[in-house]
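Student: sequence below, structure please.
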Amino acid sequence: MAPITADKVLTKLQSLAAGQEITILKLSEPISAAVTQAQDLHQRISDISTSSLDATTPSSLEADLTHYRELFSKLRFSYIEQVTKEKFIRAIVGDPPLIVSPQENVDLEKENLEAKAMLKALKTEVAGMITELEEKAKDLSQKYEKVKVETVQLTELPGKLEELESTVAELKEARAKGSNPNPEMNLPLARTADLLEMKKRRKAELERQLEQLQSQVPRKKKELDRLQAELQPLETKRQNSMTAAKEAQRRKEAALGGVEDDLEERGRWYKTAEGGLRQVLEIEG
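Tutor: As a prediction, this is how the structure comes out:
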């Protein structure tokens, strides 16, 4: 058996979409045609123009149904009234006149009640059938919309498959050349999945540690503020001490005539003392 390719599936979908498009409007065309023929046959004039049948929508169909129900109710009432009058007149003017006994009225009333009960049962059955048909219609419309979306996705699928195949080919070529410096990119699927799971666990652990550190931030900030408050007097004291020390050193240098003069004098004295010691000890310099 030959394998089914994406191109064959796409071709089949396109043929189905072109030749077997089914919509609510198309399904309503036989009904619309039948209604038009009935109007032409009976020469009826309706408030709803026949142009509405050319642009049928769910809302217009609902309006037509309500309109025809009202017309049918009026027509049924007129028909019953006319038939009743005709029977009554015929019974009066007939020769001999039609005389109905009380028992016949009772029997007719009984038959009428049975007919009403049967009609009510039929109406209930029809109402149930209508409800079931409405539910099936909604279900079919949802399925139809889903099929339309899936058809679009299937239409786009071959292009995505070609792109993925091209990407896979490039990755295989790069792997064969060994151009990827990261060895983790060349792992098989099972080891890649294990590595991914390990990375996820590591990420979760880091997130947990980060949450713990973030919870400690307010306490550390309060402690830092306290230390800074304690450090500020010490820093002021240090600055004052350094200023006092520099001032004392300046005064000492001023009293000794300067640091450079004192060092030069000491150097000459040490050099003279060294020369005298060398002469006493008879050491050649």
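Student: please count neighbours and contacts with C-alpha atoms only from this point.
Tutor: OK.
Student: just want the phi and psi numbers for Glu99.
Tutor: Not quite, residue 99 is Ile, not Glu. Backbone torsions of Ile99, given as degrees, to the nearest 10, read phi -110, psi 120.
Student: run a quick neighbour tally on it.
Tutor: 9 (other CA atoms under 10 Å).
Student: which residue sits closest to it, ignoring its sequence neighbours?
Tutor: Ala91 (7.7 Å; CA to CA, 6 or more residues apart in numbering).
Student: can you list the domains in the protein?
Tutor: 100-186, 189-281 (automatic domain parsing).
Student: I'd like these as CSV, with mean pLDDT, mean neighbour count and distance to Ser60 appended.
Tutor: Converted to CSV, the domains of the chain look like this (pLDDT from 0 to 100; neighbours: other CA atoms under 10 Å; distance: least, CA to CA, whole Å):
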stretch, mean pLDDT, mean neighbour count, distance to Ser60
domain 100-186, 85, 12, 16
domain 189-281, 81, 12, 57
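Student: which parts of the stretch 1-150 of the chain are helices?
Tutor: 6-19, 24-42, 58-93, 102-177 (DSSP state H, counting those that start in this stretch).
Student: quick one: the last one to chain centroid distance?
Tutor: Which is helix 102-177. What separates the centre of helix 102-177 from the centre of its chain is 24 Å, taken as CA atoms, centre = their mean, to the nearest Å.
Student: helix or strand right after it?
Tutor: Next along the chain after helix 102-177, taking DSSP states H and E as the criterion, comes helix 189-255.
Student: so which of the helices of the stretch 1-150 of the chain gets nearest Thr272?
Tutor: Closest to Thr272 of the helices of the stretch 1-150 of the chain, according to CA to CA: helix 102-177, at 83.0 Å.
Student: what helices or strands is the closest one leaning on?
Tutor: Packed against helix 102-177 by the contact rule (3 or more CA pairs under 8 Å, 6 or more residues apart in numbering; DSSP states H and E) you find helix 6-19.
Student: report the rounded mean pLDDT for the helix it packs on.
Tutor: For helix 6-19, mean pLDDT is 65.
Student: quick revisit: how about the domains of the chain in CSV, adding distance to Tyr68?
Tutor: Converted to CSV, these look like this (distance: least, CA to CA, whole Å):
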stretch, distance to Tyr68
domain 100-186, 16
domain 189-281, 66
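Student: looking at those, which is nearest to Leu71?
Tutor: domain 100-186 (18.2 Å).
Student: coming back round to it: closest to Ala63 out of the domains of the chain?
Tutor: Of all those, it is domain 100-186 that lies closest to Ala63, at 16.0 Å by CA to CA.
Student: how far off centre is the closest one?
Tutor: In this view, domain 100-186 has its centroid 21 Å away from the chain centroid, taken as CA atoms, centre = their mean.
Student: can you give me the neighbour number for the residue nearest to Ile99?
Tutor: Neighbourhood size, Ala91 [other CA under 10 Å]: 15.
Student: my read is that it contacts Pro97, right?
Tutor: Yes: between Ala91 and Pro97 there is a contact under CA atoms under 8 Å: 5.6 Å.
Student: Arg202 and Met129, how far apart?
Tutor: 61 Å (CA to CA, to the nearest Å).
Student: cool, thanks, talk later.
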